[in-house]
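Trainee: would you be able to build a 3D model of this:
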Amino acid sequence: HRDALELFPAGHPDRSGSLNNLAGSLTRRFEQSGEREDLDEAISLHRDALELFPAGHPNQSTSLDNLATSLTMRFEQSGEWEDLDEAISLHRDALELFPAGHPNRSASFNNLATSIKTRFEHSGEREDLDEAISLHRDALELRPAGHPNRSGSLNNLATSLTRRFEQSGEWQDLDETIELFPESINSQASGHPSICHISTSFGSALMRAYDHTHDPEYVEKAMATYRDAVTCQSASVSLRFSAARSWARYADECSHKSALDAYQAAVELLPGLAMLGSALRVRQRALTSGSDGLARNAAACAIRSGQYGKAVELLEEGRAIFWSQALELRTPIIHLREVAPVLESTLKSLSFALEQGSLRDISRNPTDSPQKLISMEQEARHFRRLNTEWLETLGEVRGLPGFQDFLRPSRLSTLQSAAVDAPVVILNASESGCDVLIMTSSDVKHIPLPNLSFTVINKLVRLIRSVASGHRFLRESFLPMIDDLFRGMSFNPDAERSLRQSVEGRHMIRVSDTRLDSEDIFRLVLRVLWVSVVQPVIDSLNLEKSTDPPNLKWCLTGPFAFLPIHAAGVYTEEMAISVSDYAVSSYVPTIGSLLRVLTPAAHPTCSTKPFEMMVVIQPETLPYANQELQNIAGHVPNKCLVKLGVPGAPATVNEVASHLSAVSIAHFACHGEQNKTNPLESSLILEDGQLKISRIMQESTPNASLALLCACETAMGNEDLPDEAMHLGATLLFAGFRGVVATLWSIADADGPQIADSFYEHLFKDYNKVDNVGPDTTQAARALHHAVAKLRSENVSFARWVPFIHLGR
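Mentor: Residues are numbered from 1 along each chain as shown. Now for the predicted structure:
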């Protein structure tokens with residue numbers, strides 16, 4: 001379309017049609033991707049086209065409708081009332097230009113009705129909904145049986161009647177709706193894509209009927225209708241996913257036998273929302289569009305049905321989709337090379353091209369030339385084609401004997417191999433409650449958490465985030481939140497009294513009447529986590545206090561991901577007990593991330609490259625960075641060290657990134673920054689700029705064993721995507737490092753050198769300097785365990801020692 005437009009200069013009689021065609025394609029792409037730039041450009045093009053139609057021109061009415069429809073879409077995304085008001089006005093103008101008997105009059109009725117109904121959805125004005133229904137009836141009268149658009153009119157009228165029933169409760173509206181939807185479906189050809197969204201709307205109407213009548217027959221019909229929508233293969237993935245989510249929600253609410261099937265269908269569709277050929281920003285946006293929380297709710301449903309292994313599988317398949325796709329493109333395929341070398345080579349080259357292509361810049365601005373826009377369109381088509389080729393090649397691979405499950409989600413038997421060294425404790429927070437799943441190499445145990453709810457967990461997160469900010473005192477306004485916290489939990493009276501005293505009693509004695517001591521908030525939250533979560537786990541695993549405790553892997557879902565489970569305990573003068581007495585804690589974003597570092601193919605052992613460690617410091621911004629480097633040099637032979645940020649060796653973005661592929665250990669003593677708007681832009685701050693997540697993902701790290709990030713917020717995830725692990729620590733883990741030491745929030749500058757000194761002292765204590773193969777980095781979690789214990793022994797505040805965590809192996 002862009003090429004065609006270039007052939008129609010100003011004044012050409014066909015330029016208006018070319019403008020309209022390009023605008024229409026951009027609008028359809030916006031509906032798929034949600035890219036605001038596409039819609040803005042479409043509106044601009046529609047305005048240009050409209051200007052070419054003088055009053056009385058036969059195409060003026062269609063151009064008015066096209067512009068109005070795009071303006072309505074922009075209102076639905078941005079909420080700018082000016083767009084909707086203009087859209088309704090333009091639709092009314094267009095309708096006036098279609099006389100009775102005009103073939104486009106029914107479409108104009110429908111377009112005006114849609115915009116007015118949109119206004120009702122945001123204003124709640126009954127008059128708007130009544131007018132929309134009246135206009136939909138007018139459109140339907142002009143579309144008799146056999147008309148190609150009759151199905152759409154039936155669906156639109158039925159949907160509007162459903163909304164009026166929801167507002168007024170008038171049964172006749174819903175009764176008519178339930179008659180209209182089947183006719184709409186039957187008016188379409190079998191397998192038509194629109195059957196998906198019509199069936200989804202019909203299912204919702206049937207559930208409204210069940211709510212009104214409590215007749216279980218409506219539930220059965222609704223579940224069957226939702227299943228039809230989800231299995232409509234010709235529909236887009238986004239529409240089928242929306243249908244699956246509705247099916248799962250209603251089936252779960254009604255305890256219907258199809259609930260788990262519905263959740264499974266939704267989880268299986270998730271990867272399709274974020275196509276591999278799309279740019280990272282587009283994939284990330286797709287994952288935020290209603291997908292978060294799905295896997296957790298699915299797991300909760302499986303738990304209620306007693307299928308604990310299935311719950312683990314659903315959590316693994318439905319979380320960290322972004323990273324799962326990234327790992328698919330990097331999965332070693334040595335065995336495939338032995339069986340089908342041509343397929344292996346094709347898949348490998350396609351994977352590399354898709355991975356690099358996803359990192360491309362797709363940002364646009366109004367000054368972009370037509371040539372640049374054409375180039376971007378061609379590039380987008382190229383990567384969509386590559387994605388199709390990748391899927392087709394993957395299908396061929398799965399047709400080979402023994403490769404049926406190649407790159408499919410791991411089953412429980414495979415996932416359990418990740419627990420061969422230590423149990424994996426999964427904490428699941430769903431809308432229906434909180435649970436623990438303890439996965440060992442042979443079993444999955446379930447522990448319900450009756451004292452906790454999704455709301456309570458979020459309150460704990462708010463409290464922790466408040467005290468982690470570094471302020472010594474908090475305003476007394478936090479007391480109501482603490483009261484709400486206790487009201488949302490079910491403790492026996494003695495336990496509740498003890499917990500309250502940990503805050504309120506100390507508050508009265510030690511703090512003024514208007515402030516709360518942050519140390520007491522830490523004590524409260526960590527004690528709640530101990531009593532409600534960790535102690536039941538310790539008891540279930542029969543762990544005992546030890547000076548050399550075993551390893552324990554924590555896999556946290558939802559808001560649990562923002563809580564310091566590794567520090568849970570009772571910290572009072574009368575009693576001191578915590579997780580560290582019983583276990584050495586590590587975190588894993590997903591079980592798959594742990595499986596990968598345990599797989600020999602992911603880290604070949606045949607490398608003869610000498611051990612190499614990179615230390616990156618920023619002494620200009622971190623006064624203690626030089627001391628940190630000196631402490632490290634006291635434990636690591638100088639010949640093994642690559643020092644960046646020192647005189648003669650600047651710590652630039654390119655220099656640091658280029659070394660990631662060679663080193664075994666990377667230590668960063670610099671600031672980090674979490675970008676909450678776009679986590680892929682989160683970064684480590686270096687001399688000449690930011691080393692971003694997106695840049696780190698471009699690097700191959702075949703020798704990477706351990707990364708230590710003595711920087712701020714390197715394990716602070718995105719609250720909007722808690723299950724996607726979009727933080728620097730996880731990035732390095734998924735990029736190939738077996739283990740990562742990171743921080744949950746800002747640390748004191750002086751603590752970096754001390755932690756580094758103790759950490760490397762323990763890690764290198766058995767280091768063999770002769771063969772120079774490097775230390776045993778699987779002991780990194782234990783080294784951090786000892787380093788933090790040493791820091792704690794100096795009676796520092798919770799905010800100083802709690803943020804240090806270990807990720808991976």
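
Trainee: how does the chain divide into domains?
Mentor: The chain resolves into domains spanning 2-231, 334-406, 414-587, 603-808 when parsed by automatic domain parsing.

Trainee: looking at these, which is buried most?
Mentor: domain 603-808 (a mean of 20; mean count of other Cβ atoms under 10 Å). In this view, the C-beta of every residue, glycine as well, is placed from N, C-alpha and C.

Trainee: just how off-centre is that domain within its chain?
Mentor: The chain centre lies 25 Å from the centre of domain 603-808; the measure is Cα atoms, centre = their mean, to the nearest Å.

Trainee: ok, stretch 293-308 next?
Mentor: Worked out by Cα atoms, centre = their mean, stretch 293-308 lies 18 Å from the chain centre.

Trainee: related to what we said a few turns ago, ranking the domains of the chain by mean pLDDT, which is last?
Mentor: With a mean of 74, domain 334-406 has the lowest mean pLDDT of these.

Trainee: what lies in contact with the helix or strand hosting Asn21?
Mentor: Asn21 is part of helix 15-33, with elements assigned from DSSP states H and E. Residues outside helix 15-33 that contact it (Cβ atoms under 8 Å, 6 or more residues apart in numbering): 1-2, 4-5, 7-9, 35-36, 38-39, 41-43, 45-46, 48-49, 52-53, 59, 62-63, 66, 69-70, 73, 236, 238, 278, 282, 285-286.

Trainee: what's downstream of it, the next helix or strand?
Mentor: helix 36-51.

Trainee: got the angle between the next helix or strand after that following helix and helix 36-51?
Mentor: Proceeding N to C from helix 36-51, the next assigned helix or strand is helix 60-78, under DSSP H and E. Between helix 60-78 and helix 36-51, the angle comes out at 160 degrees (axes from the mean of the first three to the mean of the last three Cα atoms, to 10 degrees).

Trainee: elements contacting helix 60-78?
Mentor: helix 15-33, helix 36-51, helix 81-96, helix 105-123 (3 or more Cβ pairs under 8 Å, 6 or more residues apart in numbering; DSSP states H and E).

Trainee: among these, which is nearest Asn156?
Mentor: helix 105-123 (6.2 Å; Cβ to Cβ).

Trainee: against which helices or strands is that closest one packed?
Mentor: For helix 105-123, the elements it packs on are helix 60-78, helix 81-96, helix 126-141, helix 150-168, judged by 3+ Cβ pairs under 8 Å, 6+ apart.

Trainee: and the last one, what does it pack onto?
Mentor: In terms of contacts (3+ Cβ pairs under 8 Å, 6+ apart), helix 150-168 is packed against helix 105-123, helix 126-141, helix 171-186, helix 194-213.

Trainee: swap the cut-off to 6 Å and go again
Mentor: helix 126-141, helix 171-186, helix 194-213 (3 or more Cβ pairs under 6 Å, 6 or more residues apart in numbering; DSSP states H and E).

Trainee: between those helices, which one is closest to Asp751.
Mentor: The nearest among these, by Cβ to Cβ, is helix 194-213 at 53.4 Å.

Trainee: that older thread, so can I have CSV of the helices and strands packed on helix 60-78 showing distance to His727?
Mentor: Below are the helices and strands packed on helix 60-78 laid out as CSV (distance: least, Cβ to Cβ, whole Å):
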stretch, distance to His727
helix 15-33, 25
helix 36-51, 26
helix 81-96, 36
helix 105-123, 35
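
Trainee: look up phi and psi at Tyr571.
Mentor: Taking degrees, to the nearest 10, you get phi -120, psi 80 for the backbone angles of Tyr571.

Trainee: leaving aside the residues next to it on the chain, what's closest to Leu412?
Mentor: Spatial nearest neighbour of Leu412, excluding adjacent residues (Cβ to Cβ, 6 or more residues apart in numbering): Gly309 at 4.2 Å.

Trainee: do the same with Trp247
Mentor: Distances taken as Cβ to Cβ, 6+ apart place Tyr226 nearest to Trp247, at 3.4 Å, with adjacent residues excluded.

Trainee: any idea which element the one you found lies in?
Mentor: Per DSSP H and E, Tyr226 falls inside helix 216-230.
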